[in-house]
Structures are given as structure tokens and as C-alpha cells.
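In: here you go, sequence then predicted model.
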Amino acid sequence: MSAQVDPTDHAASTLRAESVPAFRMAQILLVLVGAQAQESKLDLERLSVIEFLSANPFLVLDPDSPASNQLRLQGFGRHSITYASPSQRFVSRRERVTSDIAQLVAFGLVKLAVHEGHRVFTVTELGQRSANSLCSVYADAYRLSIATVAPLVTRLSSPKMREHLETWLRVDPVLFDLIDSPTIDEFEAEASELTSRDMLF
């Protein structure tokens with residue numbers, strides 16, 4: 001008999017979706033699919049920025065803009081960024097990105113490539129099919145947010161992106177350094193430890 005969730009259990013009632021690896025990896029997969037649709041190639045740094053800002057689009061968008069209104073109609077709200085500072089949430093999320101993307105590579109959903117001297121990630125055919133199978137209301141809303149936010153990030157050079165990120169996250173630049181992409185050896189070592197072929201989606 002399966003255990004039932006106690007509604008009075010504080011730990012269960014405060015579970016956040018981003019603490020679930022499959023949820024985080026699904027977000028990354030949708031970002032990569034969205035980037036490919038826009039003919040953009042994402043390295044680890046840019047991927048982590050777009051993934052976080054797409055989940056929190058009102059950090060970037062004018063609250064009175066048509067794009068913001070459309071995302072509100074899709075269910076996005078500012079409450080998701082009020083319980084902790086955006087910079088703290090970004091730092092927490094970015095620490096998991098390397099592990100999450102390594103798992104996606106190990107599952108055969110994402111592949112590593114080199115484009116114009118940068119290590120970039122693209123979805124495989126299996127990854128595309130898996131992304132297409134994500135049909136929840138949130139997945140559709142997140143796709144729309146990616147389509148809105150990603151162009152704002154991808155059009156910026158790396159230095160300009162860092163400047164804008166400091167503004168978007170309302171952070172003193174000394175608080176954190178942006179993600180350093182792992183070396184090929186570090187990334188392959190991470191991926192090689194993940195041997196399970198169980199499907200996530």
C-alpha cells in the first residue's frame with residue numbers, strides 16, 4: 001500500500017517544483033528546444049541565464065507591457081520571486097545546472113557540440129520527442145516565456161549580458177561570479193557517472 005501524503009506535513013506542503021530533478025531537466029530541455037527554434041546555440045552560461053529568467057520573466061519584462069500581460073494570462077505571477085532575493089535563487093539554481101545538463105546528456109536527450117569555439121548544447125531527436133510530450137499548462141506557459149525572454153538574452157554579447165543580469169537580479173556584482181563552463185574532462189566525468197537509462201518524461 002502506498003503511503004498517503006499528510007496535508008499537515010509542513011515539509012510536504014512546502015515542496016517546490018525546482019527541487020525535483022526531473023522538473024529542472026524538463027525546463028532545460030524546453031529552453032534548448034526553444035533556442036533551436038530561434039536558431040540560437042547556447043553555452044552553459046547563457047543556458048543558465050535564460051532558464052532562470054524564463055521561470056521568472058517579470059525580472060526582465062516591463063510589468064505593464066503586452067508581453068507581461070500575456071504571461072499573466074498564462075499563469076505567471078510575481079509571487080514566485082518574493083520568498084528569496086532573485087540573486088540568491090539564481091546562485092542556488094546555477095549550482096545544479098551542470099549536474100542537470102550532464103544527466104540529460106547521459107540520457108541521450110541532449111548532446112554537447114562545439115560552435116564558433118564555444119561548447120554548446122543541442123537537443124537530440126529523442127530529446128525533441130521528449131520535449132514535445134510535455135503538455136502541461138505550465139510547460140506551455142514556460143514555452144511562451146522562453147520565446148519572450150530568450151531573444152532579449154541571446155542578442156546581447158557576453159559582457160553586456162553580465163551587465164544586464166546584475167540589473168535584472170538587482171545584485172551587487174561582487175555577490176557572485178557567473179557560471180564557468182566546465183572543461184570537457186569535467187563534464188564527461190560528470191556524465192559518465194550517470195549510467196541509468198530510465199526515461200524522465
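Out: Happy to help now that I have it. The structure displayed is predicted, hence computed values, not measured ones.

In: need the next SSE after the helix or strand encompassing Gln27, C-terminal direction.
Out: Using DSSP states H and E, the element containing Gln27 is helix 21-37. Remark: after helix 21-37, the chain's next helix or strand is helix 44-55, criterion DSSP H and E.

In: and Phe76, that one's in a strand?
Out: No: read with DSSP: H, G, I helix; E, B strand; the rest coil, Phe76 is coil and lies in no strand.

In: count of neighbours near it?
Out: 22 (other C-beta atoms under 10 Å). The C-beta positions use only the backbone N, C-alpha and C, and glycine is treated the same way.

In: what sits against it?
Out: Listed by C-beta atoms under 8 Å, 6 or more residues apart in numbering, the contact set of Phe76 reads 57-58, 141, 145.

In: out of the residues you listed, who's the most crowded?
Out: Counting by other C-beta under 10 Å, top hit in the contacts of Phe76: Ser145 with 27 neighbours.

In: least confident pick among the contacts of Phe76?
Out: Here the lowest pLDDT out of the contacts of Phe76 sits on Phe58, with 88.

In: test my guess that it contacts Ser68.
Out: Yes: in this structure Phe58 lies within contact range of Ser68 using C-beta atoms under 8 Å: 6.4 Å.
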